[in-house]
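Engineer: with the input below, show me the fold.
(chains A and B)
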There are 2 protein chains.
Amino acid sequence: MNKDKEVTIYDLAEKLNISVATVSRALKDDPVVSKKTRKKIYDLAEEMGYRSNHFARNLRNQRTDTIGVIVPRLNSYFMSTIIAGIEQVANSQGYNLIISQSSESAEKEVRSARTMFNNRVDGLLVSLAYDSDNLDHFSSFFKKDIPLLFFDRVAEHENVTSVCIDNRRAAFEATRHLVERGCKRIVHITARSNRNVYTDRLQGYRQALQEHGLPFDESMVMYNNLSQEAGYTAAAEILAMPVLPDGVFVANDNCAASCMIGLKKKGIAIPADIAFVGFNNDPVSTVVEPNLTTINYPGYEMGEVAARHLINHLNGAALITATNTILLRSELIIRESSLR
Amino acid sequence: MNKDKEVTIYDLAEKLNISVATVSRALKDDPVVSKKTRKKIYDLAEEMGYRSNHFARNLRNQRTDTIGVIVPRLNSYFMSTIIAGIEQVANSQGYNLIISQSSESAEKEVRSARTMFNNRVDGLLVSLAYDSDNLDHFSSFFKKDIPLLFFDRVAEHENVTSVCIDNRRAAFEATRHLVERGCKRIVHITARSNRNVYTDRLQGYRQALQEHGLPFDESMVMYNNLSQEAGYTAAAEILAMPVLPDGVFVANDNCAASCMIGLKKKGIAIPADIAFVGFNNDPVSTVVEPNLTTINYPGYEMGEVAARHLINHLNGAALITATNTILLRSELIIRESSLR
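Structural biologist: Alright, predicted model coming up:
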């Protein structure tokens, strides 16, 4: 077989000595063609390495059966769980994914968006980078009515549905739990970002303090990149405070775990001296000792819901512009790190 | 603007009142066209939402600038680190990724391969599922000379280059380290699979025992799916053994960590009673107490090397069929869990 020449339905028809129309119908699984003939055609197609003429079909359809996904980082347990959920739904509905990471950079996000546009994705799912502060790079999608959906790290836009949890409420519950356990000086460790996930958690933290008559003190909010390394640094910063806190609420589990470890090494008892609550219910939360109280964040479901909502829109089953925000449930999981 | 009508270079040319040939050259960044004119054309293209005619171009080129990636699971810290490395290289070279997960099922892997083939990927990167026992589903790629590369979970095939670490040697070093620390009854926890990563580690374990005059006992090898849950079950199984082991070598860190936790809860001292070595250098290894001795597995680099090797082949810079296996370095990282 000539490797460079594509096998066409004409080749199949000639080889089997049947009409091109029959071959075409059989490959679309049209019951007009007998089962036996369909099987014969399928087998030959397989044997000869026939590929359905995707591009030509796409030129007619204006559809590529492809969904673009832009995430801040691929190598995060939480993000990869969301992507697994997206992939599961997309794949079952016959869509392929083109995946790109912005590496937490607004500039790279702009480039990723352009690549997705040029690749003519049917729709786009985006979790925004730390420092993306406008949505101009998505305007070409809006102009072409290509549906766009934000998940987890979202922003307000009239054309875009967002899928996320109620970060403010989850943070409120986490902080209230610490207050109820007798904490009066609660540190909040988070990322310096205008992204909803961080600003909303900060708001929830403030609100819980306020509703329980505790003062909000800006110096009790520590900003870092929430990495494992940042947690060790945060522990040192906490130890250097003139008065130690009695509770810490961290915006992710990885950073919370390493901060706990750093404090324990200096003789701080957890939860007796300082109680801890994290965020995400990452596997690390059941490994660190004591086990970490945290917010269970339904990543896989978030991916499934985002993909399903976008695909329903593409199939005309539901209009994406009619919804503004889809909130998923989250819950506080209480473990030993906060039980003082 | 009519949303359904694609903007063409004819529209751009007409609007600017310059020739179609000039527009075409400018969009290819041909220096024949003055910088000023090129900018003018770019700006208008941006404004009008022009998309390069990807499909038509692809029909001519026979190239899609797309690389397919099939992995067993997306939601594993280790796998998502590899994918981040692949994405980094692919993106910088102008390639897009289509990603699919086989969910550890040979059957789903067959379907993923077919989808990739129909999407006319320029090349394919695959990490094989637990139970894939033949490579027939890739024969259509071989027939068309579409390059295929295996990474991490690999298999022998004359047309395929594999990128992985020397799992046998890494396991040998892990086991030898336990022997050198005085362990005489060493359990190995692994997955029941014919995949290289597990069979090679078992071989390295056996070889280290043999070279140090210790007997190999099949009942000391425990098989499970290496999940966190499986680690707790393994701890119960170890506690039920007539004579307790004094060392455990586990084929991943998550399972090792939870097994350690399960044993500690029953009063077993680690490393004094039982020393532990894991595999992967997952973040969990520096959170569990005592910190876990493990094999540092260069996931990000593995992704980069795999993608670069495939793209070099596509660009004609290096022939993939000339190489058989690319082995990356791994190393034993000694922490407290094995220091007895």
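
Engineer: quick one: find the helix or strand in chain A with the lowest mean pLDDT.
Structural biologist: The weakest-scoring helix or strand in chain A, judged by mean pLDDT, DSSP states H and E, is helix A:54-61 (a mean of 51).

Engineer: so A:Leu44 touches A:Leu16, yeah?
Structural biologist: Yes - assessed by Cβ atoms under 8 Å, A:Leu44 is found in contact with A:Leu16 at 6.3 Å. (Glycine included, C-beta is placed from N, CA and C.)

Engineer: after the least confident helix or strand of chain A, next one along is what?
Structural biologist: strand A:66-71 (DSSP states H and E).

Engineer: what angle do strand B:66-71 and that next one make with each other?
Structural biologist: Relative orientation of strand A:66-71 versus strand B:66-71 (axes from the mean of the first three to the mean of the last three Cα atoms, to 10 degrees): 70 degrees.

Engineer: what helices or strands is strand A:66-71 leaning on?
Structural biologist: helix A:77-92, strand A:96-101, helix A:106-118, strand A:123-126, helix A:299-314 (3 or more Cβ pairs under 8 Å, 6 or more residues apart in numbering or on different chains; DSSP states H and E).

Engineer: quick one: those as JSON lines, columns for distance to chain B and mean neighbour count too.
Structural biologist: Formatted as JSON lines, these follow (distance: least, Cβ to the nearest Cβ, whole Å; neighbours: other Cβ atoms under 10 Å in any protein chain shown):
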{"stretch": "helix A:77-92", "distance to chain B": "4", "mean neighbour count": "23"}
{"stretch": "strand A:96-101", "distance to chain B": "5", "mean neighbour count": "23"}
{"stretch": "helix A:106-118", "distance to chain B": "5", "mean neighbour count": "19"}
{"stretch": "strand A:123-126", "distance to chain B": "13", "mean neighbour count": "26"}
{"stretch": "helix A:299-314", "distance to chain B": "7", "mean neighbour count": "22"}
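
Engineer: turn the ones you listed into TSV, including distance to B:Pro147 and mean pLDDT.
Structural biologist: Shown next, in TSV, are these (distance: least, Cβ to Cβ, whole Å; pLDDT from 0 to 100):
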stretch	distance to B:Pro147	mean pLDDT
helix A:77-92	24	92
strand A:96-101	19	86
helix A:106-118	22	88
strand A:123-126	29	97
helix A:299-314	30	95
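
Engineer: mind putting those into a markdown table with distance to B:Phe249?
Structural biologist: Output for these, formatted as a markdown table (distance: least, Cβ to Cβ, whole Å):
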| stretch | distance to B:Phe249 |
| --- | --- |
| helix A:77-92 | 24 |
| strand A:96-101 | 34 |
| helix A:106-118 | 41 |
| strand A:123-126 | 41 |
| helix A:299-314 | 31 |
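
Engineer: and the ones you listed: which comes nearest A:Gly182?
Structural biologist: Closest approach to A:Gly182 among these is made by helix A:77-92 (30.4 Å; Cβ to Cβ).

Engineer: against which helices or strands is that closest one packed?
Structural biologist: By 3+ Cβ pairs under 8 Å, 6+ apart, helix A:77-92 packs against strand A:66-71, strand A:96-101, helix A:299-314, helix B:77-92, strand B:96-101.

Engineer: which SSE is immediately downstream of the helix or strand hosting A:Ala26?
Structural biologist: Take DSSP H and E as the rule and A:Ala26 turns out to sit in helix A:20-27. For helix A:20-27, the following helix or strand on the C-terminal side (DSSP H and E) is helix A:35-48.

Engineer: packing partners of that following helix?
Structural biologist: So helix A:35-48, by 3+ Cβ pairs under 8 Å, 6+ apart, packs with helix A:9-16, helix A:20-27.

Engineer: most tightly packed of those helices?
Structural biologist: helix A:20-27 (a mean of 18; mean count of other Cβ atoms under 10 Å in any protein chain shown).

Engineer: can you list contacts of it?
Structural biologist: Under the criterion Cβ atoms under 8 Å, 6 or more residues apart in numbering or on different chains, residues A:9-10, A:12-13, A:16, A:32-33, A:37-38, A:41-42, A:45, A:52 lie in contact with helix A:20-27.

Engineer: from the chain's centroid, how far away is that helix?
Structural biologist: Its chain's C-alpha centre and that of helix A:20-27 lie 41 Å apart, by Cα atoms, centre = their mean, to the nearest Å.

Engineer: can you check stretch A:296-312 too?
Structural biologist: That offset, for stretch A:296-312, works out to 8 Å (Cα atoms, centre = their mean).

Engineer: what's that stretch in contact with?
Structural biologist: A:67, A:78-79, A:81-90, A:93, A:95, A:123, A:125, A:147, A:149, A:151-152, A:161, A:163-165, A:170, A:279-281, A:318, A:320, A:323, A:326, A:328-333, B:75.

Engineer: could you dump that stretch to PDB, C-alpha only?
Structural biologist: Output of stretch A:296-312 as PDB, limited to C-alpha atoms (Å, rounded to 0.1, in the frame of the first residue of the first chain):
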ATOM      1  CA  ASN A 296     -14.100  19.000  50.400                       C
ATOM      2  CA  TYR A 297     -14.000  20.500  46.900                       C
ATOM      3  CA  PRO A 298     -15.700  18.400  44.200                       C
ATOM      4  CA  GLY A 299     -13.100  18.700  41.400                       C
ATOM      5  CA  TYR A 300     -14.200  15.700  39.300                       C
ATOM      6  CA  GLU A 301     -17.800  16.800  39.400                       C
ATOM      7  CA  MET A 302     -16.800  20.300  38.600                       C
ATOM      8  CA  GLY A 303     -15.200  19.000  35.400                       C
ATOM      9  CA  GLU A 304     -18.200  16.900  34.500                       C
ATOM     10  CA  VAL A 305     -20.700  19.700  35.100                       C
ATOM     11  CA  ALA A 306     -18.600  22.200  33.100                       C
ATOM     12  CA  ALA A 307     -18.200  19.800  30.100                       C
ATOM     13  CA  ARG A 308     -21.800  18.700  30.100                       C
ATOM     14  CA  HIS A 309     -23.100  22.200  30.300                       C
ATOM     15  CA  LEU A 310     -21.000  23.300  27.300                       C
ATOM     16  CA  ILE A 311     -21.900  20.300  25.300                       C
ATOM     17  CA  ASN A 312     -25.600  20.700  26.000                       C
END
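
Engineer: before we move on, back to that, switch the helices and strands packed on helix A:77-92 over to CSV; also include distance to B:Arg185.
Structural biologist: Shown next, in CSV, are the helices and strands packed on helix A:77-92 (distance: least, Cβ to Cβ, whole Å):
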stretch, distance to B:Arg185
strand A:66-71, 46
strand A:96-101, 45
helix A:299-314, 40
helix B:77-92, 29
strand B:96-101, 38
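
Engineer: quick one: A:Ser139 is in a helix?
Structural biologist: Yes - under DSSP: H, G, I helix; E, B strand; the rest coil, A:Ser139 sits within a helix.

Engineer: so how far is B:Gly49 from it?
Structural biologist: A:Ser139 sits 9 Å away from B:Gly49, going by Cβ to Cβ, to the nearest Å.
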